[in-house]
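Visitor: I'll drop the sequence and a predicted model, then ask my questions.
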Amino acid sequence: MASKTIARLILVALLGLLPWSGAQAFWNNPAWQKIASAHIAGLPLEVRQTLVRIRQGGPFPYARDGIVFHNRENRLPPEPRGYYREYTVPTPGIRGRGARRLISGRSGEFYYSPDHYHTFWRVQE
């Protein structure tokens, strides 16, 4: 859906129906610039436990923990492939992985998604 919006903006700008500055405003205002922060103490206990597990290098309860997060939704700051890793945050009462994830960046930053990448919170410690 986002790619259709981008294509339309480019087409409209090229046709001169929208000043190029209007198209530029879209490009200069990505969703990742609006990521809210949340202090670790205010997040679920399972987020804190997963963070400890990551820092200790495991063990991880799910086989896919630690795989590359591709940021296909473009909700995190753009970085080269392999920069981000994803980890499952267990959800009490849910069998399987559930929707909660903790994303780690190579520079030591963490992002929490309670809803499988629709929303992100930058974790502050």
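Guide: Received the coordinates, thanks.

Visitor: ok, now which ones touch the most centrally placed residue in the chain?
Guide: With distances taken as C-alpha atoms, centre = their mean, Leu76 lies nearest the centre of the chain, 4.5 Å away. By C-beta atoms under 8 Å, 6 or more residues apart in numbering, the contact list for Leu76 reads Trp32, Ile35, Phe69, Tyr84, Ile103, Gly105, Tyr111, Phe120. (Glycine included, C-beta is placed from N, CA and C.)

Visitor: residue contacts, the fifth one?
Guide: This points to Ile103. Contact analysis of Ile103 by C-beta under 8 Å, 6+ apart lists Phe69, Leu76, Tyr84, Arg85, Glu86, Tyr87, Phe110, Tyr111, Tyr112, Ser113, Phe120.

Visitor: quick revisit: between all of the contacts of Leu76, which two are at the greatest distance?
Guide: Maximum pairwise distance in these, criterion C-beta to C-beta, is 14.5 Å, between Ile35 and Phe69.

Visitor: more crowded one of the two?
Guide: Phe69 (23 against 15; other C-beta atoms under 10 Å).

Visitor: how near is that one to Tyr83?
Guide: With distances taken as C-beta to C-beta, to the nearest Å, Phe69 is found 9 Å from Tyr83.

Visitor: Pro92 now?
Guide: Counting by C-beta to C-beta, the separation of Pro92 from Tyr83 is 30 Å.

Visitor: same deal with Ala41?
Guide: Distance, Ala41 to Tyr83, using C-beta to C-beta: 27 Å.

Visitor: Check Pro77 too.
Guide: Distance of Pro77 to Tyr83, computed by C-beta to C-beta: 9 Å.

Visitor: same deal with Trp121?
Guide: The gap separating Trp121 from Tyr83 is 18 Å, by C-beta to C-beta.

Visitor: now Gly96
Guide: For Gly96, the distance to Tyr83 - C-beta to C-beta - is 27 Å.
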